[in-house]
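Engineer: got a structure for you, letters missing:
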């Protein structure tokens with residue numbers, strides 16, 4: 001069984017030996033952005049923005065595909081923070097991609113809370129997974145044009161987007177008729193996400209995972225609890241498994257992960273890593289995805305951990 005490695009060790013290693021490395025440090029200060037339609041469905045045109053490092057001659061680059069949050073009813077692929085996040089990634093040599101997807105809860109009376117029936121929540125997850133897979137197919141079909149390595153596509157998402165990418169990332173490898181065989185996602189970065197069933201994570205479906213989560217998240221549980229903490233008699237009662245439980249599952253399977261627990265953190269952890277832990281995201285992509293680290297890391301950010309939910313006081317000494 002692998003040991004839990006303190007996060008500072010990873011940074012010391014990177015600082016001492018990997019400085020100025022492509023995919024860790026900026027290789028350009030200029031980024032090119034283009035917009036494409038990746039599919040039309042349900043009367044909607046779904047677009048994606050592709051960010052590439054300008055004047056870059058690499059032809060087989062890893063890609064990071066980002067999915068925005070918004071409770072499956074709002075948010076956009078081209079918000080200010082998303083643009084800045086993707087541009088920073090592309091300046092390090094990656095291809096960054098931000099997608100639109102069907103906001104199936106938009107305009108509904110029950111939105112995505114406790115009055116939204118559980119079966120509709122699951123259908124919402126499924127629709128988002130389908131859209132991410134369609135966007136992935138578009139990228140792979142056009143891999144030569146975009147300079148993308150189809151075997152190094154990393155998913156990343158915030159809040160609803162994190163729920164979407166986690167449910168997508170742990171799907172079995174998919175056949176795209178490539179000479180190299182079926183394609184699995186190379187890794188996943190979740191910012192306050194969860195899944196309804198940890199059984200979907202097994203040896204063949206597990207991928208390296210960076211899991212940011214606040215221990216006092218009142219919407220998407222840090223460990224295992226009802227979504228939005230809905231009462232059991234509510235239509236929207238649905239048990240979800242957040243970053244802590246996913247990490248426990250990966251630990252059980254002896255698979256690599258990095259759990260980043262923010263003691264007392266609420267659902268704002270869905271967005272803060274894009275700026276405050278950006279270097280951790282880049283280190284994860286470099287070490288775990290590109291260089292196949294098998295480490296299991298738990299970083300704990302201390303703070304006021306007296307949650308409203310006693311069972312989630314995981315930061316207590």
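Structural biologist: Okay, I see it. Just so you know, these numbers come straight off a predicted model, no measurement behind them.
Engineer: which positions in the strand or helix carrying residue 136 come out as buried?
Structural biologist: Element membership of residue 136 [criterion: DSSP states H and E] is helix 118-141. Buried residues in helix 118-141, counted by 16 or more other C-beta atoms under 10 Å: 118, 120-121, 124-125, 127-132, 134-136, 138-140. No exception for glycine: its C-beta is placed from N, CA and C like everyone else's.
Engineer: quick one: the helices in the protein, in order.
Structural biologist: Along the chain, the segments classed as helices by DSSP state H run 7-17, 80-90, 118-141, 143-146, 160-169, 243-252, 273-276, 278-284.
Engineer: need the ones you listed in JSON lines with mean pLDDT and distance to residue 42, can you?
Structural biologist: As requested, the helices of the chain are exported to JSON lines (pLDDT from 0 to 100; distance: least, C-beta to C-beta, whole Å):
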{"stretch": "helix 7-17", "mean pLDDT": "46", "distance to residue 42": "43"}
{"stretch": "helix 80-90", "mean pLDDT": "98", "distance to residue 42": "23"}
{"stretch": "helix 118-141", "mean pLDDT": "98", "distance to residue 42": "9"}
{"stretch": "helix 143-146", "mean pLDDT": "97", "distance to residue 42": "26"}
{"stretch": "helix 160-169", "mean pLDDT": "98", "distance to residue 42": "16"}
{"stretch": "helix 243-252", "mean pLDDT": "98", "distance to residue 42": "30"}
{"stretch": "helix 273-276", "mean pLDDT": "98", "distance to residue 42": "29"}
{"stretch": "helix 278-284", "mean pLDDT": "98", "distance to residue 42": "32"}
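Engineer: residue 71 is nearest to which of these?
Structural biologist: helix 160-169 (5.4 Å; C-beta to C-beta).
Engineer: any idea of the angle that closest one forms with helix 80-90?
Structural biologist: When axes from the mean of the first three to the mean of the last three C-alpha atoms, to 10 degrees is applied, the directions of helix 160-169 and helix 80-90 differ by 50 degrees.
Engineer: out of the helices of the chain, deepest packed?
Structural biologist: Highest mean neighbour count among the helices of the chain (mean count of other C-beta atoms under 10 Å): helix 160-169, with a mean of 28.
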